[in-house]
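Colleague: only geometry, no sequence info:
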């Protein structure tokens with residue numbers, strides 16, 4: 001039986017990851033929401049450089065642990081991600097509010113004229129993230145996207161391998177990568193660590209079957225961002241019917257389906273009631289018929305609600 005304490009093993013002795021996490025993308029009150037999640041019982045927080053809340057995430061962890069002396073840092077799992085350009089450079093946004101202000105910020109390597117996806121840049125980026133959180137180590141650090149290209153991805157991965165050797169991160173992985181990107185990476189000179197995780201958009205309407213099959217064959221854990229389709233598809237007739245039958249919310253049904261599909265989920269919300277609702281997915285399960293009905297909702301990449309199609313990048 002799955003529980004709030006359930007984890008999935010990461011490859012190559014990189015530990016394990018809690019199956020339920022709390023996402024901090026596009027939150028308007030990062031520290032408060034993260035503290036609420038921890039207070040309610042989440043053990044796993046997911047942040048990133050481009051979310052501009054690594055500092056708030058770290059502050060939430062410190063505050064929570066100071067208020068709960070029976071727990072230690074080892075009871076929590078904290079993830080962050082390296083973006084493809086260096087936010088410490090001039091002419092870059094300095095906050096999430098600035099990022100969302102409508103200005104055309106140079107957020108891609110092409111637009112910025114540089115990339116953090118070099119060996120030295122990735123290692124420096126990791127240390128910047130670690131410093132921002134104020135934590136002694138991170139549990140997982142990811143390359144946020146494959147866009148800068150094969151050579152840049154490889155160099156950045158070598159930088160993350162260096163961070164792993166330093167002992168300040170427990171596991172390293174990727175996000176928005178297609179199988180071809182991981183294959184190319186593992187065939188590159190000097191690469192000797194398999195990504196522990198591939199974090200991708202995943203929900204009933206985009207089930208990423210090819211990526212999941214590939215990752216399963218390699219022992220790579222799939223982490224689902226936007227598991228609730230950003231709320232855009234929760235009025236689906238099948239999901240509503242299953243929810244009504246079980247006396248659960250549509251969000252709970254979708255999250256439970258994700259978990260029973262063997263995927264880690266990181267739902268997000270700034271509302272305490274929703275944060276609590278999203279963790280009440282244990283102590284019950286979906287039967288085979290209901291799982292198969294939801295399996296049948298897949299639209300492939302046409303079902304994307306976000307911007308990333310892993311297969312769109314060389």
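Modeller: Arrived safely, thanks for sending. On a predicted model such as this, the values are computed, not experimentally measured, just so you know.
Colleague: burial of residue 305, as a residue count?
Modeller: Residue 305 has 15 neighbours, counted by other CB atoms under 10 Å. In short, each C-beta sits where N, CA and C put it, glycine included.
Colleague: SS state for it?
Modeller: coil (DSSP: H, G, I helix; E, B strand; the rest coil).
Colleague: I'd say it and residue 204 touch.
Modeller: No: applying CB atoms under 8 Å as the test, residue 305 and residue 204 come out as separate, 11.5 Å apart.
Colleague: Pull up the overlap in contacts between the two.
Modeller: 229, 233 (CB atoms under 8 Å, 6 or more residues apart in numbering).
Colleague: Need the pLDDT of the closest residue to residue 267 other than its chain neighbours.
Modeller: Among residues not flanking residue 267 along the chain, residue 278 sits closest, at 4.5 Å (CB to CB, 6 or more residues apart in numbering). As predicted, residue 278 sits at a pLDDT of 98.
Colleague: Which is the succeeding secondary structure element to the helix or strand hosting residue 278?
Modeller: For residue 278, the host element (DSSP states H and E) is helix 272-279. Under the assignment DSSP H and E, the closest C-terminal helix or strand after helix 272-279 is helix 288-295.
Colleague: can you give me how far stretch 107-114 is from the chain middle?
Modeller: Its chain's C-alpha centre and that of stretch 107-114 lie 23 Å apart, by CA atoms, centre = their mean, to the nearest Å.
Colleague: Please enumerate residues in contact with it?
Modeller: Residues from elsewhere that reach stretch 107-114 (CB under 8 Å, 6+ apart): 50, 83-86, 89, 92, 106, 115, 117, 147-148, 152.
Colleague: mind listing what's buried in that stretch?
Modeller: 107, 109, 112 (16 or more other CB atoms under 10 Å).
Colleague: wait, is residue 17 part of a strand?
Modeller: Yes: counting by three-state DSSP, residue 17 is part of a strand.
Colleague: beta partners of it?
Modeller: Judged by DSSP bridges, the bridge partners of residue 17 are residue 8.
Colleague: Can you report how many residues lie near it?
Modeller: Neighbour count for residue 17, taken as other CB under 10 Å: 24.
Colleague: Noted, bye for now.
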